[in-house]
Every structure is written in C-alpha cells, then in structure tokens.
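**Q** Pasted the sequence and its predicted model underneath.
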Amino acid sequence: MARATLLLPAAERFGQQRLGDVAARALGRADRIAKGEPGRRAQLLRHFDLTPRHWPIAALARQADAGDAAGSAWLRADPVHIRPDLNGARLLAYGVALSMTDADRAALLPALQPLFGDAGFHLDAPTPTHWYLRMSPETRLPPFSDPGEALGEDLFDHLAEGAEGRRWRALLSETQVVLHNHPWNAQRAGQGKAPVNSLWFWGGGMLPERVHTLHASIHSDDEPAFSLGNAACTAQPLPARFAGAAGDVVFDLQAERDLARLQADWLLPALAEVGRGRLRVLELDLEDGLVFKIVPAQRWRLWRKPLQRFGE
C-alpha cells in the first residue's frame, strides 16, 4: 500500500477558514506530532537529509541546468522586480512571473557581467530565469532569504546583514543602478511587462556530497523542493488534484491558501483512499512544525472531537 505526505503552509495562513465535516472528523482522530522548528526550510529538511547539512539550492539547480556544479561554490542571482513604496521596497515578481525571455537575458546579462567580474565572480545564466554566480569554495557567504520566503515583503527585511553582508549590499545597489538605467527595461515597460530592476541573491553553497530521502518522489512547483527532489528521488510538477499515490509520495501544497480548494482537490480524495485501504498512511506536514498522521484504524476513535481549524 502507498503512503502520501501533503506539505502545507502554517496553520495561520488559513486564517479563520473552517474544515468541512469529513476533514474535521479525520483530523480530530489523527495523531498529532510536533516535528520541530517552524519555517519552510525546516519543513523541507524534515524530508531531505543533506551531507553536509546546509542549503545549497544554487549548486543543486546548477547541476541540473548545466552539469558543472562540482568544485565551485554557487549563488543564485536571479532577475526580480522590486517596487518602491512609502515604507521601503517590496519584492513583487521573480521566476516565471517575471516573463523573462532569451532576449531579456541577452540584453541584460552582458551589462552586469563586468560589475561582478570586477568583484571576482563569474555571472552567467543557462536559462532566462536561472542566473548564477560561480565563486571559489573558500568564499564566505552571509545567510540569504529564498525569494519565495520574501515575496510581497519589504526588501530591507531580507538584506544580507553584518560585515559579510556589507559587500553584497553594495553589489546589490550597484546592480540596481545598472538595471535602472538600462534602455531594455523601457522596452519591457512598453510591452506591459514589469522592469527587471534588481537581482536576488539566494541558495548559496557547494554541491552536497549526498542528498537522501525516504520518499520515492515529490510533486512540487517550488524550486527548492524540486531541486532537492531531483537530487534525491524523482521530482515532478504538482498535478491539479490528488489522484492516488504509487509508493511513498510527497505533494507540495505549501503555496495553497484556500482551505475549501485544498479539501476538495486534495484532502478529501486522499482521505477517501485511506478509507478504502489504498493509502497506508496520510501525513499532513504543516510549515509551523505540526504533523497530522492519519491511518485507517483511527476511524474507531469515535470519542475524539472534530477539529474545526488546523490551528486548534
């Protein structure tokens, strides 16, 4: 029999939305397990073990994109759109949402390569949305936020800090000046596209010696999750709804905010598979560190009260 894990956002992301009767009964009867620290990175590291233990998403993605990640340290430097407002500036678009093309890459990349070359780093872009800095293995990097963690938030809350961060803050400022003055962004604006007015540094590190998971596959549209899965098992895009599981499968629903849709497309079909005995275990792993474990025998826990919300 199969096993399925649904990666979910923190309970607070669903606000006051209530579970329906079937899901409320199942979660009320489920085992609740506190799995550890909150956060997206911690959530993924509950399912993927890296040796050494770090967050080298840039190196993993580079290996998948170009096959040349070994022997160097890597940092993603992806094109983004940041919008100034009265209180600072916010990250509003990156990746697919920025609608980058080969023409964008050909216009903007050469303008930035000398800036990073003078700093001792090689900047290149094997795809329009995946830009990389290659650096020596001895390079010390400050902590950087993933763009998915910072989307919609103030840029200044995610700038690299401390003495090591000072260099990167200066490089970021110089990058923004080059992009702000680049005529290609006027063309993008004329096409109704957001200007590429900054880069986002994230995912730094070297290719790990090993990435291990107990799962057979992961389905995700999130790049860190997909990169980890691609290195450790089988990674595939997220389907529209739950249609069963073959083996031990993870479905990454961390971006979902509509509880009714989550139930209709994922939770209720998965619970039906548990009821039919086709799923041995269904786990709901929330980003805040709480895990619900659901197995067929729990249907006899008739004394347990239904759970109206994930956060109760």
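**A** Received the coordinates, thanks.

**Q** Please make it C-alpha for all contacts and neighbour counts, starting now.
**A** Noted.

**Q** where do the helices sit along this structure?
**A** 21-29, 40-45, 57-66, 102-118, 147-150, 162-180, 184-190, 223-232, 259-262, 268-275 (DSSP state H).

**Q** Format those as CSV; extra columns: mean neighbour count and distance to T51.
**A** Below are the helices of the chain laid out as CSV (neighbours: other Cα atoms under 10 Å; distance: least, Cα to Cα, whole Å):
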stretch, mean neighbour count, distance to T51
helix 21-29, 19, 35
helix 40-45, 18, 12
helix 57-66, 22, 13
helix 102-118, 14, 30
helix 147-150, 16, 24
helix 162-180, 15, 24
helix 184-190, 15, 41
helix 223-232, 22, 12
helix 259-262, 16, 34
helix 268-275, 19, 33
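
**Q** farthest residue from the center of this structure?
**A** W303 (38.5 Å; Cα atoms, centre = their mean).

**Q** Tell me how far it lies from R29.
**A** Going from W303 to R29 by Cα to Cα, to the nearest Å gives 8 Å.

**Q** rewinding a little: can you check the pLDDT for the residue farthest from the centre of the chain?
**A** For W303, the pLDDT comes out at 94.

**Q** So what does it look like in phi/psi?
**A** phi -80, psi -10 (degrees, to the nearest 10).

**Q** any idea how far the closest residue to A186 other than its chain neighbours is from L108?
**A** Leaving out its chain neighbours, the residue that sits closest to A186 by Cα to Cα, 6 or more residues apart in numbering is P195, at 7.5 Å. For P195, the distance to L108 (Cα to Cα) stands at 11 Å.

**Q** Okay, now the unreliable bits of the stretch 1-150 of the chain?
**A** Where the stretch 1-150 of the chain drops to pLDDT under 70, the residues are 1.

**Q** ok, 80 please
**A** By pLDDT under 80, the low-scoring segments of the stretch 1-150 of the chain are 1, 35-36.

**Q** correct me, but E287 touches L8?
**A** Yes. Using Cα atoms under 8 Å, E287 is in contact with L8, at 6.1 Å.

**Q** before we move on, back to that, quick check: the residue nearest to A186 touching H182?
**A** No. Between P195 and H182 there is no contact under Cα under 8 Å: 9.9 Å.

**Q** Neighbour count: those two, which is higher?
**A** Between P195 and H182, counted using other Cα atoms under 10 Å, P195 has the larger neighbour count: 23 against 17.

**Q** For the more buried one, grab phi and psi.
**A** Torsion angles, degrees, to the nearest 10, at P195: phi -70, psi 150.

**Q** Next, the contact list for it, please.
**A** P195 makes contact with H81, N185, A186, R188, A189 under the criterion Cα atoms under 8 Å, 6 or more residues apart in numbering.

**Q** ok, now with 7 Å
**A** Taking Cα atoms under 7 Å, 6 or more residues apart in numbering, we find P195 in contact with H81, N185, R188, A189.

**Q** what's the distance between it and L159?
**A** Using Cα to Cα, P195 is found at 20 Å from L159.

**Q** swap in E12?
**A** 25 Å.
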